[in-house]
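Novice: Give the three-dimensional model of this entry:
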Amino acid sequence: MANIKSAKKRIKVINKKTQRNRITKSIMKTAIRRFNEAVEAGDVNLATEKFRYAEKKICQAAAKNTIHKNNAARKISKLAKKLQQLKEAAI
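Specialist: Sure thing, here's the model as predicted:
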């Protein structure tokens, strides 16, 4: 256990940031999972809607430095590719 006042504060701050990061990651992962479910169902309109939401949540996570911006770009690219394949298959 920390004895110095600043060290005690750092522990509190780290715990708050960890909690915020967990919440942000959880929301992001849920959005991605729901997009994948829409793609598997084959619903183009629903998948497009879920893609926009997932993209927004991934960008928010990157903006808060919960995930790296390149990691966010990679995830968005992967989802966009899936959506494009679904649209091509629907035609």
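
Novice: Tell me the buried residues in stretch 4-21?
Specialist: Under the neighbour-count criterion of 16 or more other C-beta atoms under 10 Å, stretch 4-21 has nothing buried. To be clear about C-beta, it is placed using only N, CA and C from the backbone, and glycine gets the same treatment.

Novice: So Lys75, which state does it fall into?
Specialist: Put simply, Lys75 is helix when judged by DSSP: H, G, I helix; E, B strand; the rest coil.

Novice: Could you pull up the contacting residues of Thr66?
Specialist: Counting by C-beta atoms under 8 Å, 6 or more residues apart in numbering, Thr66 touches Arg20, Asn21, Thr24, Lys25, Met28.

Novice: what about the helices in the protein?
Specialist: Applying DSSP state H to the chain gives helices spanning 5-41, 44-63, 69-90.

Novice: among those helices, which is the most enclosed?
Specialist: Mean neighbour counts were compared across the helices of the chain using mean count of other C-beta atoms under 10 Å; the top stretch is helix 44-63, at a mean of 18.

Novice: any idea how far Phe51 is from Ala61?
Specialist: Distance of Phe51 to Ala61, given as C-beta to C-beta, to the nearest Å: 16 Å.

Novice: got it, and Ser26?
Specialist: Distance, Ser26 to Ala61, using C-beta to C-beta: 10 Å.

Novice: got a list of what Lys25 touches?
Specialist: Applying C-beta under 8 Å, 6+ apart, the residues near Lys25 are Ala61, Thr66, Ile67.

Novice: again, but for Asn21
Specialist: Contacts of Asn21 (C-beta under 8 Å, 6+ apart): Lys64, Thr66.

Novice: okay, it: pLDDT?
Specialist: Predicted confidence (pLDDT) for Asn21: 97.
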